[in-house]
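Novice: below are the sequence and a predicted model; questions follow.
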Amino acid sequence: MKKLNLILILFIGFLVMSCVDNQNEDYLLDNDSKIIPAGSREVKVNLDTKYDLSNSIAYSLYDTMAMNVKNRSLAVPHGASDLVLFVEKNSDKILAVVKLGANESQLNVTAENVTAALHDIIPAYATLSAEERQQFDDSAPSAPAYRSLVSSVDRLLSSKEGIYSTNSEMVSNIRAMSSFIAENYADKNGNKEANRVTQDMRQWIKTGGSPEINNRSNGYVEARYTPNRDDKGKDTHSFILDPKPIYPNQYSITETTVPDGYYTLTITQKSDAAREANQRALSTNLLYLSIGESFYMLQRQGAEECGKAMVLAMQSELDKAFANPPTDMDAAFLQALAISASLTQKLLTGASCERFVYNNRALVASIAQRALMLAAVLDGPTLIKEGAGFIFLLEAIYLPFEFQENLMIYHNKVVPGQLRFEMVSSSYEKQYPRKATLKPEVKAVILCKYDKIDFTIFEVEWETRYANNGTATPTKSNFNDKGIASTTWTLPDRNTDNYLNAFVRDREGDHLMGSPMCFVVTTRN
């Protein structure tokens, strides 16, 4: 039923595509001379002799060319990357697709290069980071599963069946490559609940270390430090944390600069900032899966208005579709993908995009064909694995989590709880003989904690109020593991009231709760 609904939506989109006016391409057929405009480079198109694409038109983002001319070349701006679609005349079938690097002047149509341009149709590939994609692009071609995909592409190029074919061999090989990514590049412990399982603050921020936060979810998160004491003049500090990378054994660690103090640390996906980040990521990934690499090329190369319009429209459509949070995330992903396919076809021929995209007709055709291929690839038990990255983002938006703990930052170290400091009344008397010695003590009282607190990082400063109030040795001391700190106070040789201050202060010089403390004793003969 999921697939049927998706195909129905996509079929409607395909009809929209087929209604786009065909450009008059007759003038291309006998044009064997190519004029390269100023600011552009000539890109020669070289075709493997085993393939026949003579009955097709080559569409790049900037130019077009009939493949039956002698001088096969395209004009591409200097420094621009490009995507070239080879579209069969009269049918709009995409026969081949090849990427062009920013500094390349040769476009070679081979099975290897066409396969490389199909990475963006692999569902799991769409949710990898840019670095992870590069790692895949560099290392995957030697894998057996990849070689099988190249062989399938070779057969499609030879038969002119269409590069986005839904035949069982091609679908099986795309699934195999998606599984290859999930097994070798994706989080091996990942599952549908991965966005929601780790709500333990100890896993998010390291006790005793600097306030570095490790995002343990696969969606964007806001970390917000809210001061607990208004009288300190502290500000709220908030940070958006990047998602936990899909690549195994890596973490999304954000270094945060937060003044010392008492805080409530809230980890949330419910804030406007976190929701916006997750919406943007989901919309961008869906658009990438629908349009392919050309979506990012358009964003990088002067068509920001088009790319921005697509993302904003996608966010709006998703919110309409999921006004009530979805209960079946697999079905929600398929629905979101169908929305993306339908929306992008309309936007590419709309005012925001049409003037930026030379080959919008070819792109619209490719979107419809990609969508049908994706419907076939995602139909089956592999959906959860292949769509995991999308499902994590859907959960982050529509089933967001939030939790919080009270903690302290002390000398740029995280304390997993909060303390108050008090004098130990049993450690001193009210009156002593002159020149007596005593050991006044200060204790740390736990107000709350979510993990074991290391008292030994805290320091007390001891200071007599007046010069004739005796001496304290040492003038600084650390708390022991039981939360007690002390000094030796030698009283003066005179009858007087004596004052010893105990300060526990943070990095900024502000007193911690309970500080300052003052011991008052009287000396008499």
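Specialist: The structure has been received and is ready for your questions.

Novice: next, work out how far apart the spatially closest residue to Ser40 that is not a sequence neighbour and Asn324 are.
Specialist: In space, and not counting its chain neighbours, Ser40 is closest to Ala75: 4.4 Å by C-beta to C-beta, 6 or more residues apart in numbering. Placement of C-beta: from N, CA and C, glycine included. Distance, Ala75 to Asn324, using C-beta to C-beta, to the nearest Å: 50 Å.

Novice: repeat that for Ala111.
Specialist: Taking C-beta to C-beta, one finds Ala111 at 46 Å from Asn324.

Novice: what bridges to the residue nearest to Ser40?
Specialist: Assessed by DSSP bridges, Ala75 has beta-bridge partners Glu42.

Novice: quick one: it and Met67, what's the gap?
Specialist: 16 Å.

Novice: now swap in Pro416 and tell me
Specialist: In terms of C-beta to C-beta, Pro416 sits 66 Å off from Met67.

Novice: thinking again about what came up before, neighbour count: Ala111 and Asn324, which is higher?
Specialist: Shown here are Ala111 and Asn324; by other C-beta atoms under 10 Å, Ala111 has more neighbours (21 against 7).

Novice: hang on, isn't that one packed against Ile163?
Specialist: No. If you go by C-beta atoms under 8 Å, Ala111 and Ile163 don't touch, sitting 10.5 Å apart.

Novice: return every residue with contacts to both of those two.
Specialist: 153, 157 (C-beta atoms under 8 Å, 6 or more residues apart in numbering).

Novice: give me the pLDDT for Ile94.
Specialist: For Ile94, the pLDDT comes out at 94.

Novice: and for the one 3 residues further on?
Specialist: With respect to pLDDT, Val97 has a value of 95.

Novice: cool, the one 3 residues further on as well?
Specialist: At Leu100, the predicted lDDT confidence score is 92.

Novice: quick one, strands of the stretch 351-500 of the chain?
Specialist: 402-410, 413-415, 417-423, 431-433, 437-438, 441-449, 459-464, 471-473, 476-478, 484-486, 488-490, 496-503 (DSSP state E, counting those that start in this stretch).

Novice: likewise the stretch 1-150 of the chain?
Specialist: Per DSSP E, counting those that start in this stretch, the stretch 1-150 of the chain carries strands over the ranges 40-47, 56-59, 64-66, 73-77, 82-88, 94-100, 106-109.

Novice: kindly reformat those strands as JSON lines containing mean neighbour count.
Specialist: Formatted as JSON lines, the strands of the stretch 1-150 of the chain follow (neighbours: other C-beta atoms under 10 Å):
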{"stretch": "strand 40-47", "mean neighbour count": "17"}
{"stretch": "strand 56-59", "mean neighbour count": "25"}
{"stretch": "strand 64-66", "mean neighbour count": "21"}
{"stretch": "strand 73-77", "mean neighbour count": "21"}
{"stretch": "strand 82-88", "mean neighbour count": "24"}
{"stretch": "strand 94-100", "mean neighbour count": "25"}
{"stretch": "strand 106-109", "mean neighbour count": "18"}
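
Novice: can I get those in a markdown table with distance to Gln431?
Specialist: Formatted as a markdown table, those follow (distance: least, C-beta to C-beta, whole Å):
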| stretch | distance to Gln431 |
| --- | --- |
| strand 40-47 | 94 |
| strand 56-59 | 97 |
| strand 64-66 | 100 |
| strand 73-77 | 90 |
| strand 82-88 | 89 |
| strand 94-100 | 88 |
| strand 106-109 | 96 |
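
Novice: nearest to Ile397, of those strands?
Specialist: Ile397 lies closest, by C-beta to C-beta, to one member of these: strand 82-88, at 29.4 Å.

Novice: could you report the neighbour count for the residue lying closest to Glu161 once chain neighbours are set aside?
Specialist: Of all residues not flanking Glu161 in the chain, Asn167 sits nearest, at 7.1 Å (C-beta to C-beta, 6+ apart). By the measure other C-beta under 10 Å, the count of residues near Asn167 is 15.

Novice: in the stretch 301-450 of the chain, which ranges drop under the pLDDT threshold?
Specialist: Scanning the stretch 301-450 of the chain for pLDDT under 70 picks out 301-304, 351-352, 354-359, 380-387.

Novice: hang on, Gln404 packs against Asn228?
Specialist: No. Counting by C-beta under 8 Å, Gln404 stays clear of Asn228, with 11.5 Å between them.

Novice: any shared contact partners between the two?
Specialist: Thr264.

Novice: related to what we said a few turns ago, could the strands of the stretch 351-500 of the chain go into JSON lines alongside distance to Ser129 and mean neighbour count?
Specialist: Supplementary listing: those in JSON lines, determined by distance: least, C-beta to C-beta, whole Å; neighbours: other C-beta atoms under 10 Å:
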{"stretch": "strand 402-410", "distance to Ser129": "25", "mean neighbour count": "19"}
{"stretch": "strand 413-415", "distance to Ser129": "27", "mean neighbour count": "21"}
{"stretch": "strand 417-423", "distance to Ser129": "35", "mean neighbour count": "19"}
{"stretch": "strand 431-433", "distance to Ser129": "68", "mean neighbour count": "13"}
{"stretch": "strand 437-438", "distance to Ser129": "62", "mean neighbour count": "16"}
{"stretch": "strand 441-449", "distance to Ser129": "36", "mean neighbour count": "17"}
{"stretch": "strand 459-464", "distance to Ser129": "42", "mean neighbour count": "19"}
{"stretch": "strand 471-473", "distance to Ser129": "56", "mean neighbour count": "16"}
{"stretch": "strand 476-478", "distance to Ser129": "43", "mean neighbour count": "15"}
{"stretch": "strand 484-486", "distance to Ser129": "47", "mean neighbour count": "20"}
{"stretch": "strand 488-490", "distance to Ser129": "58", "mean neighbour count": "17"}
{"stretch": "strand 496-503", "distance to Ser129": "48", "mean neighbour count": "18"}
